[in-house]
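Visitor: Return a 3D structure for these sequence lines:
(2 chains)
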Amino acid sequence: MTTVFGVPLQALFSQVLVGLINGSFYALLSLGLAIIFGLLNIVNFAHGAFYMLGALGAWLLLEHLGIGYWPALIISPLIVGLFGALIERTMLKRIRGLDPIYGLLLTFGLALVIQGVARNYFGVSGEPYDMPPQLTGGKNLGFMFLPNYRAWVVLVSVLLCTLTWFVTERTRLGSYLRAATENPLLVQAFGINVPRLITLTYGLGVGLAALAGVMAAPIYRVSPLMGSDLIIVVFAVVVIGGMGSIFGSILTGFALGVIEGLTKVYYPEASSTVVFVIMAIVLMVKPAGLFGRTA
Amino acid sequence: MTARVEAETKAAARGLSPARNNEVRSLRVPIAILIGICLVAPFVIYPVFLMKMLCWALFACAFNLLLGYVGLLSFGHALFFGAAGYLTAYAAQTWGFPFELALLTGMVTAAVLGLLVGWLAIRRQGIYFAMITLALAQMFYFFCLRAPFTGGEDGIQGVPRGKLLGLVSLEGNLTLYWVVLAIFLFGFFFIVRVIHSPFGQVLKAVRENEPRAVSLGYRADQYKLIAFVLSAALSGLAGGMKAIVFQLASLTDVYWTTSGEVILMVLLGGLGTVFGPVVGAVVIVCVESFLAQLGGWVTVVQGGLFVVCVLAFRRGIIGELSRLLHRPL
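Guide: Residues are numbered from 1 along each chain as shown, chains lettered A, B, ... in the order given. Just a heads-up that it's a prediction; the model follows:
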């Protein structure tokens, strides 16, 4: 059997795949964080909680209404996105213009409330969520076994990231969005409804997190705490990549996922800390982050 | 008129502006009240419960030094609190260090870690600072989860309380209470002194307008780092005390929830006030023990308090009180 540094190629590839999956979630979440931060100047601590709500929503839809994976993939992010828009309208709107620290604290509080309620209702152990029958099984590629569902997750994430990039960089709506990020007052003076744009952006970012949650549901167990540790890793990803560039957050997300996967093969003890170590190194070498524009 | 000028000159010679001198003087009455309450409390309330409050209060005061007076939001202070707890417990139990030396070990560890984390985190400002400290603290949490000396999920249990200066046994709760109170007051007065020193004035200048402070020739980064290390060391003192009081050092103390709790205490009590963190700590410890039988709802209440504080109560309890009384508290 072929080995790379003493590790069978098969094991290596499968860990890289697991890394890509994690990387997909990092990319989707840090992308949402970056878009929200750009327009609202808020670091959305509740992002992990919304990711969890997406997964929980899919599970509830199946359990109580018999709605399966495919409709849930649309319905759950839609509901969570609307919920996010509601929160923006009722709460985040009121702290606009304050120190961004307050935004972080407010969304941290929201995350605690959402996770706490989910935990009381749901328990901590979590529930399994079945894969859609169309995506079970896998293909033998010769050098490795590729489970269909995992290939699907990576594919959809790449598509979603590209789509988000396209919308923000190449469409009229995206140009409003970027303009409002630069100078909201001026954009408003041109007759564009900036408050609505902000609500829309927050709902969109949150919906993206929920969509990641639905996709994660069949891979991990659906549990109220699934987002709380993830968001901290995503923060590290954001520090490494810098929130200034959308492309940067996508690339950093996938790259760190793969590095994490490789660490699991070569030095498993460090797999949970490697992202943080890389963050520390990046801070030492390039304090503004890899794609950061300002310090 | 001349008398006033003379007084001001004297005050200036002692390195205090008249305004600051008044500020310190106006704290005398509330400090007397605080000490009075602390002296009477152990005869009314269970001392261990009070010691828990004092440990958290010192932790919150140390945190406030950073958030309230330098404007730096660290989301990773559990690192210093928990690490010092582990080291104090380990030194007291395995190395057989006496009480004072064990506490000192924990505090020095926290200070060294503070130097490292601060050195890294100060490279970025504002919201990134919070994310970096949070990530580094999470890294340390995973380290503690795996490191052999922390006892993993069990933590370090049955930590001996030892003897004060090798003479007075600290097994009795009331005796330990007086020692903990003395250490708390030492930390509290130290922080009050720092805040009102020329050094503290520079910290506040950095908080208000960092580029301006830099343009005036102050090395803002150095001031921030010193404040960070001080805050970490005092958090470590609090964490070490907690480990001795409860004879336990555990993973909870290094987890991000602990960082969240201390932020909530400072926010609820009043950011940048002298007494706010103490009041916040007392309220939160009471709320938590009151709600303990409700289990999971504690986090919901904590989160709700965060939301309410940020949306409608940004001055905090002491901040509002100070506004009503027209005096700094």
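Visitor: which residues of the stretch 201-329 of chain B fall in strands?
Guide: Taking DSSP state E, counting those that start in this stretch to define them, one finds strands in the stretch 201-329 of chain B at B:248-249.
Visitor: and A:Leu82, what is it in contact with?
Guide: Residues near A:Leu82 by CB atoms under 8 Å, 6 or more residues apart in numbering or on different chains: A:Gly203. All C-beta spots, glycine's among them, are computed from the backbone N, C-alpha and C.
Visitor: Can you tell me how far it is from chain B?
Guide: For A:Leu82, the distance to chain B equals 19 Å [CB to the nearest CB, to the nearest Å].
Visitor: what about that residue, which helix or strand?
Guide: Following DSSP states H and E, one finds A:Leu82 within helix A:69-90.
Visitor: Which is the succeeding secondary structure element to that helix?
Guide: helix A:100-122.
Visitor: how much does that next one deviate in direction from helix A:69-90?
Guide: Going by axes from the mean of the first three to the mean of the last three CA atoms, to 10 degrees, helix A:100-122 is angled at 130 degrees with respect to helix A:69-90.
Visitor: so what does helix A:100-122 touch, helix or strand wise?
Guide: Where contact means 3 or more CB pairs under 8 Å, 6 or more residues apart in numbering or on different chains; DSSP states H and E, helix A:100-122 is packed against helix A:47-65, helix A:228-241, helix B:126-146, helix B:256-269, helix B:297-312.
Visitor: Would you mind listing the buried residues in the helix holding A:Leu82?
Guide: The neighbour-count check on helix A:69-90 (16 or more other CB atoms under 10 Å in any protein chain shown) flags A:69, A:72-73, A:75-77, A:79-81, A:83-85, A:87-89 as buried.
Visitor: Need the three-state assignment for A:Lys139.
Guide: Following DSSP: H, G, I helix; E, B strand; the rest coil, the label given to A:Lys139 is strand.
Visitor: likewise the one 4 residues further on?
Guide: Under three-state DSSP, the three-state class of A:Phe143 is coil.
Visitor: any idea how far it lies from chain B?
Guide: Taking CB to the nearest CB, one finds A:Phe143 at 32 Å from chain B.
Visitor: correct me, but that residue touches A:Phe13?
Guide: Yes. Here A:Phe143 reaches A:Phe13: they are 6.3 Å apart, a contact under CB atoms under 8 Å.
Visitor: So if I had to pick from those two, which one is more boxed in?
Guide: Neighbour comparison, A:Phe143 and A:Phe13: the larger count goes to A:Phe13, with 18 against 11 (by other CB atoms under 10 Å in any protein chain shown).
Visitor: who touches the more buried one in this structure?
Guide: A:Phe13 makes contact with A:Phe143, A:Met144, according to CB under 8 Å, 6+ apart.
Visitor: What strand or helix carries it?
Guide: Going by DSSP H and E, A:Phe13 is in helix A:9-40.
Visitor: can you give me the mean pLDDT across that helix?
Guide: Mean pLDDT, helix A:9-40: 86.
Visitor: by how many degrees do it and helix A:100-122 diverge?
Guide: Going by the same axes, to 10 degrees, helix A:9-40 makes 120 degrees with helix A:100-122.
Visitor: How far off centre is helix A:9-40?
Guide: 7 Å (CA atoms, centre = their mean, to the nearest Å).
Visitor: what does the stretch 1-150 of chain A have sitting close to chain B?
Guide: By CB under 8 Å from any CB of the partner chain, the residues of the stretch 1-150 of chain A that approach chain B are A:37, A:43, A:91, A:94-95, A:100-102, A:104-106, A:108-117, A:119-120.
Visitor: of these, buried ones?
Guide: Buried subset of these (neighbour count, 16+ other CB under 10 Å): A:37, A:43, A:91, A:95, A:100-102, A:104-106, A:108-117, A:119.
Visitor: Tell me where chain A is predicted with low confidence.
Guide: A:1-2, A:292-295 (pLDDT under 70).
Visitor: Repeat the analysis, applying 50 as the threshold.
Guide: Along chain A, the model assigns pLDDT under 50 to residues A:295.
Visitor: again with the stretch 201-329 of chain B
Guide: Applying pLDDT under 50 to the stretch 201-329 of chain B flags no residue at all.
Visitor: need the residues of it near chain A, please.
Guide: Applying CB under 8 Å from any CB, we find that the stretch 201-329 of chain B lies next to chain A at B:256, B:260, B:263, B:267, B:295-300, B:302-307, B:309-311, B:314.
Visitor: follow-up on the earlier one: using PDB, write out every CA atom in the helix holding A:Leu82.
Guide: In PDB, the C-alpha atoms belonging to helix A:69-90 read as follows (Å, rounded to 0.1, in the frame of the first residue of the first chain):
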ATOM      1  CA  TYR A  69     -34.200  16.700   4.100                       C
ATOM      2  CA  TRP A  70     -34.800  18.300   0.700                       C
ATOM      3  CA  PRO A  71     -37.600  20.700   1.600                       C
ATOM      4  CA  ALA A  72     -35.900  21.300   5.000                       C
ATOM      5  CA  LEU A  73     -32.800  22.500   3.100                       C
ATOM      6  CA  ILE A  74     -34.900  25.500   2.000                       C
ATOM      7  CA  ILE A  75     -37.500  25.900   4.800                       C
ATOM      8  CA  SER A  76     -35.200  25.700   7.800                       C
ATOM      9  CA  PRO A  77     -32.700  28.400   6.600                       C
ATOM     10  CA  LEU A  78     -35.700  30.500   5.500                       C
ATOM     11  CA  ILE A  79     -37.300  30.400   9.000                       C
ATOM     12  CA  VAL A  80     -34.000  31.000  10.800                       C
ATOM     13  CA  GLY A  81     -33.200  33.800   8.400                       C
ATOM     14  CA  LEU A  82     -36.500  35.500   9.100                       C
ATOM     15  CA  PHE A  83     -35.900  35.000  12.800                       C
ATOM     16  CA  GLY A  84     -32.500  36.700  12.300                       C
ATOM     17  CA  ALA A  85     -34.100  39.600  10.400                       C
ATOM     18  CA  LEU A  86     -36.600  40.000  13.300                       C
ATOM     19  CA  ILE A  87     -33.800  40.100  15.800                       C
ATOM     20  CA  GLU A  88     -32.000  42.700  13.700                       C
ATOM     21  CA  ARG A  89     -35.200  44.800  13.500                       C
ATOM     22  CA  THR A  90     -36.000  44.600  17.200                       C
END
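Visitor: ok so, going back, looking at the buried residues of helix A:69-90, which is nearest chain B?
Guide: Nearest to chain B among the buried residues of helix A:69-90, counting by CB to the nearest CB, is A:Ile87 at 9.9 Å.
Visitor: got the contact list for the nearest residue to the closest one once chain neighbours are set aside?
Guide: Spatial nearest neighbour of A:Ile87, excluding adjacent residues (CB to CB, 6 or more residues apart in numbering or on different chains): A:Leu110 at 6.7 Å. A:Leu110 makes contact with A:Phe45, A:Ala46, A:Ala49, A:Ile87, A:Met91, B:Gly303, B:Phe306, B:Val307, according to CB under 8 Å, 6+ apart.
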